[in-house]
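# Give me the fold of what follows.
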Amino acid sequence: MSELRIGVVWNPSKLDEGPLREAVERVFGDDVDLRWWQTTREDPGFGMAQEAVEDGRDIVIAVGGDGTVRAVAEAVAGTTTALGIVPQGTGNLLARNLEVPLDDIPAALLRIRDGAPRNIDLGWVELDGKDHAFAVMVGFGVDAQMLVETNDDLKDRAGWLAYVEAMGRALAGTEMTDITLTLDDDEAQAVRAHTMLIGNCGMLQGGIRILPDALIDDGQLDLLMVSADGALQWLDTVRSVVWDNGIRRRLSGGTEAVSTESTRHVVAERIAVELSSPQMFEIDGEEIGEITSFTVRVQPGAVTVR
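Down below sits the predicted model:
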């Protein structure tokens with residue numbers, strides 16, 4: 001049996017190298033070929049993971065937050081190199097959806113070593129003629145505005161709870177906009193909303209499943225549009241997320257997401273969006289600036305995860 005070749009792409013802002021190296025060497029022992037790459041402020045991991053793929057690594061382990069994981073996933077997509085995840089960020093969204101152990105480096109490494117490989121989809125969003133991968137979700141509105149409003153110092157101290165503190169200001173900062181929406185090969189339709197999320201998987205921090213039908217390996221993308229305007233419609237939205245598509249669905253074993261007056265759920269493989277006014281946009285929890293149009297598509301089974 002040939003020696004397993006592992007690459008480790010790690011974010012030095014998230015943890016010290018010494019404890020990480022000790023944990024990796026303890027879990028994998030001496031029977032592997034290990035090579036290390038460190039991310040930089042300019043490159044969160046794509047270039048390093050690409051070099052690891054070219055070097056013939058069997059697994060590339062992403063050690064960091066959602067940005068590092070997304071960069072490594074983009075680099076290994078469509079190759080025979082597998083992705084491993086040691087979550088060290090605030091959201092750790094892909095890790096949560098894959099039930100990777102959080103806040104426990106040895107447990108995450110054991111999952112990589114002993115877990116069965118799983119093929120998952122990857123989403124791609126085209127912005128200004130350039131493709132960007134996403135493993136979890138992209139969108140605009142309350143979700144993206146919340147990232148803009150989040151206090152970085154509070155985020156460092158309180159973790160994902162900092163997003164909750166930012167939610168109130170985000171609600172005040174989002175406005176309804178006219179949207180031209182095209183799903184797959186259907187005719188374009190005119191809609192109005194202030195929030196749109198398109199996801200490959202649907203669980204956020206705190207176990208909130210914002211996209212209840214989203215499966216990470218079904219070859220489809222799930223879309224949620226929110227058009228709540230006023231207190232009553234916001235109550236309708238909260239009820240939809242927490243009760244109709246949350247607690248009641250789990251209790252009753254429901255099979256399809258419930259749309260309401262203020263929330264709409266649809267599924268597609270390709271989605272094109274044109275906006276009447278610029279909106280703040282986010283990719284896997286990273287705010288990237290204002291956009292007026294974008295196109296998303298799914299790449300089924302793009303990444304093998306260990």
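
# correct me, but R26 touches I105?
No: contact between R26 and I105 fails when scored by Cβ atoms under 8 Å: they sit 10.1 Å apart. Quick note: C-beta positions are derived from backbone N, CA and C, even for glycine.

# Which one's more surrounded, the two?
Neighbour totals were compared for R26 and I105, and I105 leads with 19 against 10 (other Cβ atoms under 10 Å).

# For D16, see how far away that one is.
11 Å (Cβ to Cβ, to the nearest Å).

# can you check D217 too?
35 Å.

# who has more neighbours, the two?
Between D217 and D16, counted using other Cβ under 10 Å, the more crowded position is D217 (14 against 9).

# Spell out the secondary structure type for the more buried one.
coil (DSSP: H, G, I helix; E, B strand; the rest coil).

# hang on, it packs against I120?
Yes: with contact defined as Cβ under 8 Å, D217 reaches I120; the gap is 5.2 Å.

# can you list residues touching both of the two?
Common contacts of D217 and I120 (Cβ atoms under 8 Å, 6 or more residues apart in numbering): G301.

# which residues does the nearest residue to I120 once chain neighbours are set aside contact?
Nearest residue to I120 in three dimensions, chain neighbours excluded: I216, at 4.7 Å (Cβ to Cβ, 6 or more residues apart in numbering). I216 is in contact with N97, L98, I120, D121, N200, C201, counting by Cβ under 8 Å, 6+ apart.

# can you pull the contacts of the first one?
This means N97. V136, C201, G202, M203, I216.

# Now do it, the pLDDT please.
On pLDDT, N97 comes in at 93.

# Tabulate the contacts of I216 (TSV), appending secondary structure and distance to T79.
Output for these, formatted as TSV (DSSP: H, G, I helix; E, B strand; the rest coil; distance: Cβ to Cβ, whole Å):
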residue	secondary structure	distance to T79
N97	helix	22
L98	coil	19
I120	strand	14
D121	strand	15
N200	coil	18
C201	coil	21
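
# Neighbour-wise, which one of those residues leads?
That'd be N200 among those, by other Cβ under 10 Å, with 30 neighbours.

# Please report the distance of T295 from R111.
34 Å.

# Show me which of those two is the more surrounded one.
Higher neighbour count among T295 and R111: R111, with 21 against 15, using other Cβ under 10 Å.
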